[in-house]
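**Q** next comes the sequence, and after it the predicted model I'd like to discuss.
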Amino acid sequence: NIAECRLQIKGMACTSCSESVERSLLMVDGVKKAVVGLALEEAKVHYDPNITSPDQLREAIEDVGFGADLIS
Ligand code: 9UX
């Protein structure tokens with residue numbers, strides 16, 4: 001059972017930023033796939049909802065210094 005969510009990311013200025021956000025998401029237990037679009041200011045994440053949650057994904061992004069809001 002894999003769920004998908006999208007988050008709006010604030011504060012990314014370059015590809016190092018988006019790679020940092022992507023790495024932070026991939027390090028969260030239960031995340032299967034994470035794609036961050038720099039221009040879109042958006043992350044799309046596939047995760048196991050029995051292991052993690054959109055709120056934990058949001059916190060992981062904030063922990064590396066960016067703003068994040070759940071879109072869907
Ligand atoms: Mo790019 Mo992001 O030089 O905090 S790493 S702006």
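**A** That came in fine, so what should we check first?

**Q** pLDDT on the helix or strand where residue 44 lies, on average?
**A** When secondary structure is defined using DSSP states H and E, the element that contains residue 44 is strand 42-47. Throughout strand 42-47, pLDDT has a mean value of 98.

**Q** contacts for it, please.
**A** Contact with strand 42-47 is made by 2-9, 21-22, 25, 28, 30-37, 57, 61, 68, 71, as judged by C-beta atoms under 8 Å, 6 or more residues apart in numbering. For every residue, glycine as well, the C-beta is placed using N, CA and C.

**Q** which of the residues you listed are buried? Put it as a ChimeraX command.
**A** Here the buried members of the contacts of strand 42-47 are turned into a ChimeraX selection, burial being counted by 16 or more other C-beta atoms under 10 Å:
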select :5,6,7,9,21,22,25,28,30,31,34,36,57,61,68
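
**Q** average model confidence for the longest helix along the chain?
**A** Of all the segments assigned as helix in the chain under DSSP state H, the longest by residue count is helix 15-26. What helix 15-26 shows for mean pLDDT is 98.

**Q** which parts of the chain sit against the ligand?
**A** 13, 14, 16, 17 (C-beta under 6 Å from any ligand atom).

**Q** now restrict these to buried residues only.
**A** Using 16+ other C-beta under 10 Å as the burial test, the residues of the chain next to the ligand include residue 17 as buried.

**Q** farthest pair in the residues of the chain next to the ligand?
**A** 13 and 16 (8.7 Å; C-beta to C-beta).
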